[in-house]
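Enquirer: Model the following, please.
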Amino acid sequence: MTSTFTCYYNQNHSKLTQKSSVKMSTQSLNQQLDVFLREQQKQAYAIALIHVKQETDALDVIQEAMLAFVNAYRNKPQHTWRPLFYRILQNKINDHHRRQTSWLRIFFSHKDKDDLAAEQASDAPSPLAIIEIQNKGNHILNIIKKLPDKQKQVIIYRHWQQMSETETAQVMQISKGSVKTHLFRATQKIKSLTGASDV
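Expert: Prediction:
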């Protein structure tokens, strides 16, 4: 009888211990995710704002990116979180542009679409007025905003986010060689327009 009870107790105690361990592990993971997302929030907002130009749209894009990241990659190793998060962010920015283009195509004529695009561009708020990004200044920021998309993305991830070439390539889903090429062209363009010797 004692032996049977001991066996039953040991089995159930082991199950309870496992459940407790899983619960603690889940709580710890949630805390780590919360810390990670808080650390990325400021830079992610700056990136989104540069691309979508409106504060409310930028906030929506970030929220979508964070939810998608948590749902898809929460159990991935932590050292992979950063490039995965910014890849999702870039995808959500692209999704936003596709939705805007589709909406304009449906509801506006070609002339109206051009007028609306010009109006949005003229009213676009300066991201530097909201977030200072490595003290680059409005002039450089405006130049970066006008760069081709790939060059703009490389500048953001390599210089502002301090990502490695490998991480940048993963986020943008291009080769490391392409990262170098886009970065060189973007840097040369900024230098030529600012007269700077270093960017």
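Enquirer: Just to check, residue 69 is in contact with residue 84?
Expert: Yes - with contacts defined as C-beta atoms under 8 Å, residue 69 counts as touching residue 84 at a distance of 6.7 Å. Just so you know, the C-beta spots here come from the backbone N, C-alpha and C atoms, and that holds for glycine as well.
Enquirer: who has more neighbours, the two?
Expert: residue 69 (23 against 17; other C-beta atoms under 10 Å).
Enquirer: Run through the residues that contact the more buried one.
Expert: Listed by C-beta atoms under 8 Å, 6 or more residues apart in numbering, the contact partners of residue 69 are 37, 81, 84-85, 88.
Enquirer: Report the buried members of those residues.
Expert: Buried subset of the contacts of residue 69 (neighbour count, 16 or more other C-beta atoms under 10 Å): 37, 81, 84-85, 88.
Enquirer: about what we covered before: including distance to residue 95, secondary structure and pLDDT, could the contacts of residue 69 go into a markdown table?
Expert: A markdown table is the format used below for the contacts of residue 69 (distance: C-beta to C-beta, whole Å; DSSP: H, G, I helix; E, B strand; the rest coil; pLDDT from 0 to 100):
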| residue | distance to residue 95 | secondary structure | pLDDT |
| --- | --- | --- | --- |
| 37 | 19 | helix | 93 |
| 81 | 21 | helix | 93 |
| 84 | 16 | helix | 93 |
| 85 | 15 | helix | 94 |
| 88 | 10 | helix | 94 |
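Enquirer: What segments of this structure are helices?
Expert: 2-52, 55-73, 81-107, 110-123, 138-146, 149-155, 165-172, 176-194 (DSSP state H).
Enquirer: Can you lay out the contacts of residue 69 as JSON lines showing distance to residue 161?
Expert: JSON lines is the format used below for the contacts of residue 69 (distance: C-beta to C-beta, whole Å):
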{"residue": "37", "distance to residue 161": "15"}
{"residue": "81", "distance to residue 161": "13"}
{"residue": "84", "distance to residue 161": "13"}
{"residue": "85", "distance to residue 161": "11"}
{"residue": "88", "distance to residue 161": "14"}
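Enquirer: what's the least confident stretch among the helices of the chain?
Expert: If you rank the helices of the chain by mean pLDDT, helix 110-123 sits at the bottom with a mean of 49.
Enquirer: thinking again about what came up before, tell me the one among the contacts of residue 69 nearest to residue 165.
Expert: Of all the contacts of residue 69, residue 84 has the smallest distance to residue 165: 16.7 Å, by C-beta to C-beta.
Enquirer: Do me a favour and get the backbone dihedrals for residue 161.
Expert: Residue 161 adopts backbone torsions of phi -90, psi -10, taken as degrees, to the nearest 10.
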